[in-house]
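# the sequence isn't on hand, but the structure is:
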């Protein structure tokens, strides 16, 4: 088995740079995150932790320590919103059992170069694992069940691998939405309403989705009646669906084992599945869908929801292997004559070159670079966000004008620094709050900056 | 004596005997080509949305400093309106978050500015804040306009707003020697043709592009000083970005707007006609409006397209109760956005959310109100001035 590339990079960082911060039962994980510096690893030992953990710093690794079968458990108690929220780049979240949060188990927001692996996620209110607008990531070896929307939801992301996860008893197993360059491989999806979904939804800033490979997955008995929250997108998906592609382009479905899904193994649809889903900037049709060789066993025996309605319109009571709305262009299908299919009349036979074996990952060979802000700009930001709320250059606002401060502290920058850290009341008006939380290097330079501004 | 006074008056009325400023405003840096480029911490990152550290997508950069400064004078000059009594700033006042503090804006025929406008036409919607307007990708509440230049022409020539015509606007500006000189300075290539609407809207749009607010305490948190926010404010931020509330799904950082049209189903006030918003262009977007930026949101109450909600706590309550889903009667035929859901927040969470929204305030880039404008007409005073003295009523007469 090839060693995961991102893990390798992270391992190098861990061993060469960062410190380890241990968190034990009874302690607070977030307190450790607050202390952590880029490059640090937080190790969480077995126990139950009732908190939301948020990581806004780059290069932080969160690793659970499993001891004799005991995991660290993050428990939302049905009250807390989210388990782990990551907005820093270059992160790892591994070995956690996360349960009973109102919102999501693990969510990555705009954070690049991430790895989410080897976690158990149980009964969260919306999604289990949810990277959004987060690029170059690996989601592997996670087990998720009882999730009220999609267990793994990849939203508006690029360059993501979702592999070897097990998702069961969720509304949707795995949902790839408005994302590009995604490999969904080797997952086990069963007892969901729908197994694996590849969607484009309207009303979002990313207007398309595609270049998705769904390969080597086991997708069986996704026959739960739809229990999605009213108003949610997934509440409209027909139960009994193995793979559902809606409005996405360039999706290749290859070498999956799809069995015992009561509506159909594979449904290819346009946006009309969602009432009122219009966006002038979104192409509602799926294009260039490639249905290569898959193993289909006993699908379509008891259609549900929209599939049932569509089939009834054709005078049919039994679904099948592939059902397509027939919209869009450039589709292909392999071994059509062996399938029970509907609506694929315009699909051509797939070519040998359509096989995807050469693609081993959709993640990037190099991490997306992380920019650093020049020190001078951070100093100006402190001045504008903290100082200028009360001090303008030449008028009395809440505090005295900067001109007056300059006259008072000309050539006495150390006194000004001391005052900023620990102000004493000198005049009428509200007292100045202490600014001693500012890092020393910023504090010194913002004092100098204040003495130098000319407007 | 009289002529001396008159000369003195003229001297004051035409403050730009030195010409337009060649300096760049706050948040911009002057490059070797003499133009002003956006210079903020975020622009070191990759362009994108969501999370913490992304760059803004900038459609027009490298602004001419003279066009900016000319735009500032025009923005505050009532000469732009048919009745010479209403400038852009009467409804987009810098001391009211570049809005007006009113539920619905008040257009033609009114006196006063901001929340104190009286006696004019009441417009259908509220005046949107102009902070960061240059970073938006579509304009007006219904999102029907795609460039800032086109948007600028809306209020200028709308009969219910400034009520001018292109011909009259050009004529009145060309009659003022100081404007002829200033436009020739800012737009030398078209100086021979005199002042045209194109240059007027260009200058105003360029000025509006400099109304940048990205240096709040929140932004300092983003850039590494975590302790700048209180525990309650950070807790509020986590509520904001949770999928339980989904605030940040539409109000995506760093602009705190994803630029999309969203149907959220705000109930109209009793007796008010239902506003179809973007539904005029796209039927399924009936009742949809442009997602506004939340930067400086604490400065621009009341809220929503027609000022339906009076304060931030009310806005939070509206969403917490399921947004438009709590008004099935009115909204039966709307396709509400799927992100509109009940969140069932605790009182503490709702309060923290409001505290977080207040961390998005930053007026460090606020431009100065000019003391005088080339027409000599009265300029809106600052809020501070207004509170101590009355605005002189010129009734649109040129002095």
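Looks like it arrived, so ask away. Just so it is clear, the model here is predicted, and its values are computed rather than measured.
# state the distance from residue B:165 to residue B:82.
Here residue B:165 is placed at a distance of 7 Å from residue B:82 (CB to CB, to the nearest Å). (Each C-beta comes from the backbone N, C-alpha and C, glycine too.)
# between those two, which has more neighbouring residues?
Taking other CB atoms under 10 Å in any protein chain shown, residue B:165 and residue B:82 do not tie; residue B:82 has more neighbours (19 against 13).
# so what strands line up beside the host helix or strand of residue A:144?
Per DSSP states H and E: residue A:144 is located in strand A:143-145. Its sheet considered, strand A:143-145 pairs with strand A:120-122 (parallel), strand A:166-168 (parallel) by DSSP bridges.
# contact partners for residue B:190?
Residue B:190 makes contact with B:196, B:198, B:199, according to CB atoms under 8 Å, 6 or more residues apart in numbering or on different chains.
# pLDDT wise, what is the closest residue to residue B:366 other than its chain neighbours at?
Excluding the flanking residues, the one nearest residue B:366 by CB to CB, 6 or more residues apart in numbering or on different chains is residue B:94, at 5.4 Å. Residue B:94 carries a pLDDT value of 97.
# so who does residue B:94 touch?
With CB under 8 Å, 6+ apart, residue B:94 has these contacts: B:366, B:367, B:369, B:382.
# of the residues you listed, grab the buried ones for PyMOL.
Buried subset of those, written as a PyMOL selection, criterion 16 or more other CB atoms under 10 Å in any protein chain shown:
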select buried, chain B and resi 366+367+369
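# may I see the contacts of residue B:94 organised as CSV, with secondary structure and pLDDT added?
Output for these, formatted as CSV (DSSP: H, G, I helix; E, B strand; the rest coil; pLDDT from 0 to 100):
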residue, secondary structure, pLDDT
B:366, coil, 95
B:367, coil, 95
B:369, coil, 95
B:382, coil, 91
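# about what we covered before: what does the following helix or strand past the strand holding residue A:144 contact?
Proceeding N to C from strand A:143-145, the next assigned helix or strand is strand A:150-155, under DSSP H and E. Applying CB under 8 Å, 6+ apart, the contact partners of strand A:150-155 are A:121, A:127-133, A:139, A:142, A:144-145, A:160, A:162, A:165, A:167, A:170-179, A:182, A:192, A:197, A:234.
# strand A:150-155 pairs with which strands, and in what direction?
Strand A:150-155 is paired, per DSSP bridges, with strand A:129-132 (parallel), strand A:172-177 (parallel).
# for these, give me CSV that also has mean neighbour count.
Compiled in CSV, the strands paired with strand A:150-155 are given as follows (neighbours: other CB atoms under 10 Å in any protein chain shown):
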stretch, mean neighbour count
strand A:129-132, 29
strand A:172-177, 29
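# run the chain-centre distance for the strand holding residue A:144.
16 Å (CA atoms, centre = their mean, to the nearest Å).
# who touches it?
Taking CB under 8 Å, 6+ apart as the rule, strand A:143-145 contacts A:105, A:119-123, A:128-129, A:151-152, A:165-170.
# thought residue A:281 was touching residue A:207?
Yes - in this structure, residue A:281 is within contact of residue A:207 by CB atoms under 8 Å, at 4.7 Å.
# give me the more crowded residue out of the two.
residue A:207 (17 against 11).
# distance of the more buried one relative to chain B?
Distance, residue A:207 to chain B, by CB to the nearest CB, to the nearest Å: 10 Å.
# so what's that residue up against?
So residue A:207 contacts A:178, A:200, A:279, A:281, A:282 (CB under 8 Å, 6+ apart).
# looking at those, state which has the most neighbours.
Going by other CB under 10 Å, residue A:200 tops these with 28 neighbours.
# and the closest residue to it other than its chain neighbours, how many neighbours does it have?
In this structure, residue A:200 finds its nearest non-sequential neighbour in residue A:247, 3.8 Å apart by CB to CB, 6+ apart. Residues lying near residue A:247 (other CB under 10 Å) number 29.
# let me have the strands paired with strand A:143-145 in JSON lines, adding mean neighbour count and mean pLDDT as columns.
Output for those, formatted as JSON lines (neighbours: other CB atoms under 10 Å in any protein chain shown; pLDDT from 0 to 100):
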{"stretch": "strand A:120-122", "mean neighbour count": "23", "mean pLDDT": "98"}
{"stretch": "strand A:166-168", "mean neighbour count": "23", "mean pLDDT": "98"}
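# what residue in chain B comes nearest to chain A?
residue B:51 (2.0 Å; CB to the nearest CB).
# contact partners for that residue?
A:87, A:109, A:110, A:111, A:133, A:134, B:253.
# which of the three states applies to the last one?
The three-state label for residue B:253, taken from DSSP: H, G, I helix; E, B strand; the rest coil, comes out as coil.
# residues in the stretch 51-200 of chain B within reach of chain A, list them.
B:51, B:52, B:53, B:54 (CB under 8 Å from any CB of the partner chain).
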